[in-house]
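Undergrad: Fold the following for me, if possible:
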Amino acid sequence: MKFIGVDLHKKTISLCVVVVVAGKRKVESRRRFDCQNTGAIRSFFEKQEAFQVVVEATANYEWFLLLVEDLADRCVLAHPKKLRVIAECKHKSDKIDAQILAEFLAMDMIPEAYRPSPRIRQYRVLVRHRHWMQGRITSLKCKLRDKAAHYNADIAELFTLKGEQHLAEIAMSRADRFHTERMLELLHFCQKQFEEVNAELNRFTRTAPGPEREARAVLDSIPEVGPVTIDIVLSELGDWRRFRSAKQVVSFAGLDPGYRESDGKGKQLSITKEGSRLLRWAMVETAWRLVRKFARWRHIFETLKKNTGSRKKAIVGVARRIMCMMYAMLREGKAYRPAAQAA
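TA: Residues are numbered from 1 along each chain as shown. Just a heads-up that it's a prediction; the model follows:
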């Protein structure tokens, strides 16, 4: 069996082939290719006998795995952060990185990363694009309000037909008028794009397999949780069954507090903010909606605020509980029950 480590970059790819002889790891060959030369890369792997291959989970790994996975006995996606030996190596190069990956694969010591299915990857693209478009729309609206406020002419209904007519009647300088008109054009374009991505997401979710439809129905039973939040949770978690506990889900969302201990003295740190930033944002927004509208969640928030002395820490604590609740509901396939019914 051969073990092939792959150090993949945007333009080049470095390969190192390691074999185990008499219990010792030995480098058999090294190669380097341009990423555009997929024919030569494929040809190299076709010439290998039985082999396993490992590549780090960078932004552009998918095309490579699709190219060689039908040839390999096993394809491994390495978790870049957990494989810290490469980042901490004093003598670092593409050649060394590929060799370290190959040797760790030979020892079966690669910390594996999650590889989303093709459907989850498409789901994430659409959900993240919608979130990005919403951010652009909000930014443009803020800029237009600021422009109107410069002339003491901001009104509540600024983004209705009446508001746009009001904006056109403000006596602005020529430069401000030019800037305002361009921003309005861009706002209309972004709003159209937002409608189109929403329509595409609706078409996409209508083709969901059974487990995804069941999970959507379960999450839809939670008050103040709508399609946008459900899309974010399901797309970012991917296959939620891969998590063994609620603690792992919370860690994936970056909502778990860090902890540092030395010489018997421990200190709790702020949340890690690792993993999915979009999922973390969705949980905090959901927490605020539930706290404002339901006494049960407001009581939890007030208790945490009293214990921590901080509104921010308290709302993160509520978000963490909501994430755990959602995971438990998905795992058990049970709809949300208000506190009175749960008792």
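Undergrad: Could you give the backbone dihedrals for the most centrally placed residue in the chain?
TA: Nearest to the geometric centre of the chain sits S276, at 3.7 Å (Cα atoms, centre = their mean). Backbone torsions of S276, given as degrees, to the nearest 10, read phi -80, psi 110.
Undergrad: what sits against it?
TA: 236, 252-254 (Cβ atoms under 8 Å, 6 or more residues apart in numbering). Where you see a C-beta, it was placed from the backbone N, CA and C, and this is true even at glycine.
Undergrad: Over to P116?
TA: P116 sits next to 124, 238 when contact means Cβ under 8 Å, 6+ apart.
Undergrad: Doesn't it lie inside a strand?
TA: No: going by DSSP: H, G, I helix; E, B strand; the rest coil, the assignment for P116 is coil, not a strand.
Undergrad: Of the contacts of S276 - the most surrounded one?
TA: Greatest neighbour count in the contacts of S276, by other Cβ atoms under 10 Å, goes to A253: 29 neighbours.
Undergrad: Just the pLDDT for it.
TA: Per-residue confidence at A253 stands at 92 (pLDDT).
Undergrad: Got the phi and psi for K11?
TA: Dihedral angles (degrees, to the nearest 10) for K11: phi -110, psi -30.
Undergrad: Next: the one 5 residues further on.
TA: Main-chain dihedrals, C16, degrees, to the nearest 10: phi -130, psi 120.
Undergrad: residues in contact with the closest residue to it other than its chain neighbours?
TA: Distances taken as Cβ to Cβ, 6 or more residues apart in numbering place A98 nearest to C16, at 3.8 Å, with adjacent residues excluded. Neighbouring residues of A98 by Cβ under 8 Å, 6+ apart: 5-7, 14-16, 30.
Undergrad: quick one: which two of those residues are the most distant?
TA: For the contacts of A98, the maximum inter-member distance is 11.5 Å, found between V6 and R30 (Cβ to Cβ).
Undergrad: Would you mind grabbing the residues shared as contacts by the two?
TA: By the contact definition Cβ under 8 Å, 6+ apart, V6 and R30 are jointly contacted by 14-15, 98.
Undergrad: picking up where we left off before, any idea how far F104 is from the residue nearest to C16?
TA: Plainly put, A98 is 11 Å away from F104 if you go by Cβ to Cβ, to the nearest Å.
Undergrad: intersection of neighbour lists for the two?
TA: G5.
Undergrad: need the helices for the stretch 201-343 of the chain, in chain order.
TA: Under the criterion DSSP state H, counting those that start in this stretch, helices of the stretch 201-343 of the chain are mapped to 210-220, 227-237, 246-252, 277-293, 295-308, 311-332, 339-342.
Undergrad: which one of those helices has the lowest average pLDDT?
TA: helix 339-342 (a mean of 52).
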